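Enquirer: fold the following, please.
(one chain, ligands or ions: 2)
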Amino acid sequence: MRLSTIGCGYLGAVHAACMAELGHEVIGLDVDQGKVDKLARGESPFHEPGFPEVLARNVESGRLRFTTDPTEIADCQIHFIGVGTPQMQGRYAADMTYVDAAIETVLTHAHPQGERPVLIAGKSTVPVGTAERIAGRCAASGKDIAVAWNPEFLREGFAVQDTLHPDRIVYGLPEDREVGAQLRDILDECYAQLLSEDIPRLLTNYPTAELVKVAANSFLATKISFINAMAELCDATGADVTKLAEAIGHDDRIGKKFLRAGIGFGGGCLPKDIRAFMARAGELGVDQALTFLREVDAINLRRRETAVDMAADLFGGRLVGRKVAVLGAAFKPDSDDLRDSPALDIATRLWARGADVVITDPAAGDALRRARPDLHVVDTVEQAVKNADVVMVLTEWKHFTELDPEEMRPRVREAHIIDGRNVLDPKAWQQAGWHYQGMGRGVSTW
Ligand SMILES: NC(=O)c1ccc[n+]([C@@H]2O[C@H](COP(=O)([O-])OP(=O)(O)OC[C@H]3O[C@@H](n4cnc5c(N)ncnc54)[C@H](O)[C@@H]3O)[C@@H](O)[C@H]2O)c1
Ligand SMILES: O=c1ccn([C@@H]2O[C@H](COP(=O)(O)OP(=O)(O)O[C@H]3O[C@H](CO)[C@@H](O)[C@H](O)[C@H]3O)[C@@H](O)[C@H]2O)c(=O)[nH]1
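Expert: Ligands and ions are numbered 1, 2, ... in the order given. Sure, this is the predicted structure:
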């Protein structure tokens with residue numbers, strides 16, 4: 001099939017390359033000339049394991065192309081919408097201007113031919129009601145262009161694997177059964193190879209598909225904030241939240257995943273998605289249903305200040321003149337994404353309280369230098385920790401979790417380590433002479 005992906009960021013570029021990997025002919029359209037030039041050369045504009053290989057292979061084969069010229073999407077059967085839906089400045093709601101612009105691009109340049117409608121398949125995370133609104137806009141255009149909502153659940157760091165082996169596929173379809181069945185068949189043809197692997201495929205109406213996405217992210221965010229609330233209790237009582245999470249996680253009904261306490265969640269999805277969901281619930285007059293998400297957000301943001309206070313408390317509450325080595329800038333390991341990164345936020349707060357902050361990240365260094373020229377960014381852990389008064393592990397890159405405390409000890413001025421992700425072995429660090437502090441990890445011989 002001939003497909004387009006409108007928006008070639010973390011989601012769209014990976015989706016485009018993976019669809020080409022499935023044998024489709026794909027054109028990726030983006031408004032960012034620099035990004036398109038890189039992608040067209042087969043070079044990844046961001047850090048995502050496994051993506052460079054899939055990208056290069058499919059660009060080379062000619063099945064995958066990238067452009068800024070919208071006329072090139074004319075004869076595609078499906079247009080996947082993967083543009084951003086960021087939080088609006090100063091508000092909780094999602095900024096829908098990019099989605100609306102992408103839809104206008106398709107309506108202007110797509111040329112439906114033959115018996116089947118051209119399909120707009122929305123992958124961006126949007127407020128419930130968007131698909132219906134866009135379908136209305138398509139109908140008004142007079143062109144034979146229809147809409148399905150096909151939310152994306154990939155995780156950064158696992159984007160290729162998650163796109164090629166998703167744990168479920170959801171199609172939000174129009175209520176008209178005949179039209180809906182036609183759109184279902186078009187998507188089935190696109191995903192035939194995935195569906196042959198018995199991946200669950202759920203057919204829903206538009207609002208259900210849109211809600212599935214934000215409900216999933218709200219649940220994940222809630223799980224993380226729940227365990228971080230428990231971390232606060234652990235700090236107040238000397239209990240160990242990592243043991244607590246392990247113990248409750250043995251109950252299948254709770255499960256072990258997403259119970260890692262620490263400095264909390266960030267990234268381009270969870271924080272802005274729960275806020276946009278609350279804003280939309282308010283518009284729908286059901287804001288009370290989601291007031292718990294305010295608490296989820298508040299608990300999450302509190303973790304960042306808690307980490308800063310932990311560092312300050314080591315020096316009687318004053319960070320002025322203290323050298324803090326921050327290990328990690330990206331919002332999670334195996335990514336260079338700095339959007340709403342707890343690590344970067346903490347580094348900024350430390351700096352604002354007068355600390356001499358030196359930060360390093362195995363992948364996000366260049367992006368960090370561009371985004372934050374005010375911060376002192378270095379290439380290596382050795383440079384970062386040199387003469388540090390406290391070392392903070394804020395992104396759990398393997399590179400950091402495997403650090404040797406014995407080898408690190410002579411490099412620092414004062415041997416304080418704050419484990420913002422609860423990923424280090426406290427005993428190993430203590431035995432090497434460090435004062436170790438986790439987040440809600442207490443001090444226990446057990
Ligand atoms: N990043 C993820 O892991 C992920 C996973 C699932 C869903 N999502 C959702 O997918 C959407 C995209 O997220 P992302 O992380 O890829 O964002 P991103 O910022 O990395 O990418 C968005 C891209 O869209 C481009 N763009 C903006 N307006 C355009 C237009 N009119 N025409 C063509 N291109 C345009 C931008 O230049 C950018 O390259 C969001 O709604 C997000 O919530 C993201
Ligand atoms: O137990 C945990 C698990 C995660 N995190 C943090 O939570 C954030 C988000 O992590 P993760 O969900 O793995 O990353 P994303 O790539 O943002 O993926 C989420 O957001 C995407 C965009 O909507 C969805 O597609 C994915 O399904 C959803 O997991 C990161 O800062 C993690 O450090 C924790 O603090 N504790």
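
Enquirer: and the residue of the stretch 1-150 of the chain closest to ligand 2?
Expert: Residue of the stretch 1-150 of the chain nearest ligand 2, by CB to the nearest ligand atom: Thr125 (5.5 Å). For glycine as for every other residue, the C-beta is placed from the backbone atoms N, C-alpha and C.

Enquirer: and that residue, how many neighbours?
Expert: 25 (other CB atoms under 10 Å).

Enquirer: assumed it was part of a strand.
Expert: No - read with DSSP: H, G, I helix; E, B strand; the rest coil, Thr125 is coil and lies in no strand.

Enquirer: got the residues of this protein near ligand 2?
Expert: 125, 152-156, 217, 220, 224, 258-260, 262, 264-267, 269-270, 273, 331-332 (CB under 6 Å from any ligand atom).

Enquirer: let's see that with 5 Å instead.
Expert: 153, 155-156, 224, 258, 260, 265-267, 269, 331-332 (CB under 5 Å from any ligand atom).

Enquirer: please, a PyMOL command that selects the buried ones among those residues?
Expert: Applying 16 or more other CB atoms under 10 Å to the residues of the chain next to ligand 2 leaves a buried subset, and the PyMOL line that selects it is:
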select buried, resi 153+156+224+258+260+265+266+267+269+331+332
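
Enquirer: go through the residues of the chain next to ligand 2 and flag which are in helices.
Expert: Ile224 (DSSP state H).

Enquirer: read off the pLDDT value for the residue of the stretch 1-150 of the chain closest to ligand 2.
Expert: Confidence at Thr125, expressed as pLDDT, is 98.

Enquirer: which residues touch it?
Expert: 85, 94, 151-152, 213-214, 217, 269, 273, 276 (CB atoms under 8 Å, 6 or more residues apart in numbering).

Enquirer: what segments of the stretch 201-350 of the chain are helices?
Expert: 206-237, 241-249, 270-283, 291-313, 342-352 (DSSP state H, counting those that start in this stretch).

Enquirer: how about the residues of the protein by ligand 1?
Expert: Going by CB under 5 Å from any ligand atom, the residues of the chain near ligand 1 are 6-7, 9-11, 30-32, 83-85, 98, 101-102, 124-125, 152, 154, 156, 268.

Enquirer: in helices, which of the residues you listed appear?
Expert: Short answer: those in helices (DSSP H) are 98, 101-102.

Enquirer: would you mind checking the residues you listed for buried ones?
Expert: 98, 102.

Enquirer: turn the contacts of Thr125 into a markdown table, including pLDDT.
Expert: Shown next, in a markdown table, are the contacts of Thr125 (pLDDT from 0 to 100):
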| residue | pLDDT |
| --- | --- |
| Thr85 | 98 |
| Ala94 | 98 |
| Pro151 | 98 |
| Glu152 | 98 |
| Lys213 | 98 |
| Val214 | 98 |
| Asn217 | 98 |
| Cys269 | 98 |
| Asp273 | 98 |
| Ala276 | 98 |
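
Enquirer: okay, now the closest residue to Val320 other than its chain neighbours: neighbour count?
Expert: Leaving aside its sequence neighbours, Val320 sits nearest to Gly354 (CB to CB, 6 or more residues apart in numbering; 3.5 Å). Gly354 has 13 neighbours, counted by other CB under 10 Å.

Enquirer: enumerate the positions of stretch 310-317 that are buried.
Expert: By neighbour count with 16+ other CB under 10 Å, stretch 310-317 contains the buried residues 310-312, 314-315.

Enquirer: if you skip the residues just before and after it, what's nearest to Ile169?
Expert: Closest to Ile169 by CB to CB, 6+ apart is Arg201, at 4.7 Å.

Enquirer: residue ranges with poor pLDDT in this structure?
Expert: Within the chain, not a single segment meets pLDDT under 70.

Enquirer: quick one on the thing from earlier: what's the most distant pair in the residues of the chain next to ligand 2?
Expert: Of all pairs drawn from these, the greatest distance, 19.1 Å, lies between Phe153 and Arg260 (CB to CB).

Enquirer: quick one, domains of this structure?
Expert: 2-199, 217-438 (automatic domain parsing).

Enquirer: now do the end-to-end distance for the longest one.
Expert: The first and final residues of domain 217-438 sit 26 Å from each other (CA to CA, to the nearest Å).

Enquirer: what does stretch 250-263 give?
Expert: 23 Å.

Enquirer: and it, which residues are buried?
Expert: Those would be 258-263, for stretch 250-263 by 16+ other CB under 10 Å.

Enquirer: OK, contacts around Ala146?
Expert: By CB under 8 Å, 6+ apart, the neighbours of Ala146 are 117-120, 135, 138, 174, 179, 182-183.

Enquirer: measure it to Ala140 for me?
Expert: 13 Å (CB to CB, to the nearest Å).

Enquirer: repeat that for Gly90.
Expert: From Gly90 to Ala140 the distance is 32 Å (CB to CB).

Enquirer: give the burial count for whichever residue of the stretch 251-400 of the chain sits closest to ligand 1, as a bare number.
Expert: Nearest residue of the stretch 251-400 of the chain to ligand 1: Gly268, at 4.6 Å (CB to the nearest ligand atom). The local packing of Gly268 (other CB under 10 Å) involves 23 other residues.

Enquirer: one step back: most packed of the helices of the stretch 201-350 of the chain?
Expert: Of all these, helix 342-352 carries the top mean neighbour count, a mean of 23, counting by mean count of other CB atoms under 10 Å.
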